[in-house]
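Engineer: Sequence plus the predicted model coming up.
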Amino acid sequence: MKQALITGGARGIGWGIAEALSAAGYAVTVTGLTDDEVAAVPVRDNVKAVRLDVTDDGQVAALAGSLARLDALVNCAGMILRDGKEFTIEGFQRVIDVNLTGTMRLCVAARPLLARQGGAIVNTASVWSFFGGPLTPAYTASKGAVAQLTKSLAVAWAPDIRVNAIAPGWVETELTKAAQADAGRSAAIVERTPMGRWGKPEDIGGAVAFLCSDAARFITGAVIPVDGGYLAK
């Protein structure tokens, strides 16, 4: 059975991806940052949850070393800081370490296993990879960098490993709870989105399952928006 590892897969978009890959026949390992996140993962026969801090080199190495096989790595662990905290150097560095360097840590650690299987990496960029976010400079910078990292690794590691990214739009998750609760902002988001609604985690899962599949065997270095048309408007 094919094996997939999804960082940040214990909830939100990551869990939507886990459900999609599980349905596609993968045995899936999802990670959560805390014991509570791991404990909250629904019980599935082919899904297991483990704790992982993607900023901890030792934890990343230990997890990669525990795997006998890996066909797909999905880097979905991420964070954002509110209330101007990303304008502090400490806050900026923290977000970059999770969103960008954390992605690179997992890619490097998983590379030998993925190369053995001719596997795939899917990173999580964002619509903010394409334009500036005035309230979240670290998040925006990290997601722009994830898009470029994806292209760099795709070129460096072809043909053994395919490396692509998704760029989600506005999706109903814990990360976007504040925007969902703000009636005016939520209405503006829906109005800007041609499909006329917020995305759901399962909307992202299908795109990732495709990128991990043989149907995408000649796709690498792509950053695919999954945003209901938000970037097109």
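Structural biologist: Structure's in. What do you need? It should be emphasised that the depicted structure is a prediction, and the values quoted were computed from it without experimental measurement.
Engineer: and the lowest-mean-pLDDT helix or strand in the chain, C-alpha only, in CSV?
Structural biologist: Lowest on mean pLDDT, DSSP states H and E among the helices and strands of the chain sits helix 177-181, with a mean of 87. Extracted in CSV, the C-alpha atoms of helix 177-181 (Å, rounded to 0.1, in the frame of the first residue of the first chain):
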residue,chain,number,x,y,z
LYS,A,177,-12.0,31.9,11.8
ALA,A,178,-11.6,35.7,12.4
ALA,A,179,-12.4,36.5,8.8
GLN,A,180,-15.4,34.1,8.8
ALA,A,181,-16.8,35.8,11.9
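Engineer: Off-centre distance for that helix?
Structural biologist: Counting by CA atoms, centre = their mean, to the nearest Å, helix 177-181 is centred 20 Å from the centre of its parent chain.
Engineer: got the buried residues for that helix?
Structural biologist: residue 180 (16 or more other CB atoms under 10 Å). To be clear about C-beta, it is placed using only N, CA and C from the backbone, and glycine gets the same treatment.
Engineer: Ignoring the adjacent residues along the chain, who's closest to residue 115?
Structural biologist: Spatial nearest neighbour of residue 115, excluding adjacent residues (CB to CB, 6 or more residues apart in numbering): residue 160 at 4.2 Å.
Engineer: Could you pull out the helices in this protein for me?
Structural biologist: Taking DSSP state H, the helices of the chain run over residues 12-23, 35-39, 57-65, 89-96, 102-117, 137-157, 177-181, 183-192, 201-212.
Engineer: How much space separates the residue located most distally from the centre of the chain from residue 130?
Structural biologist: Relative to the C-alpha centroid of the chain, counting by CA atoms, centre = their mean, residue 184 is the outermost residue, at 27.6 Å. The gap separating residue 184 from residue 130 is 24 Å, by CB to CB, to the nearest Å.
Engineer: How about the contacts made by the spatially most central residue of the chain?
Structural biologist: By CA atoms, centre = their mean, the mean C-alpha position of the chain lies nearest to residue 76, the distance being 2.3 Å. Contacts for residue 76 (CB atoms under 8 Å, 6 or more residues apart in numbering) come out as 6-9, 12-14, 17, 124.
Engineer: go with 6 Å
Structural biologist: For residue 76, the contacting residues are 6-9, 13-14, 124, by CB atoms under 6 Å, 6 or more residues apart in numbering.
Engineer: same deal with residue 27?
Structural biologist: Taking CB under 6 Å, 6+ apart as the criterion, residue 27 is in contact with 1, 3, 46.
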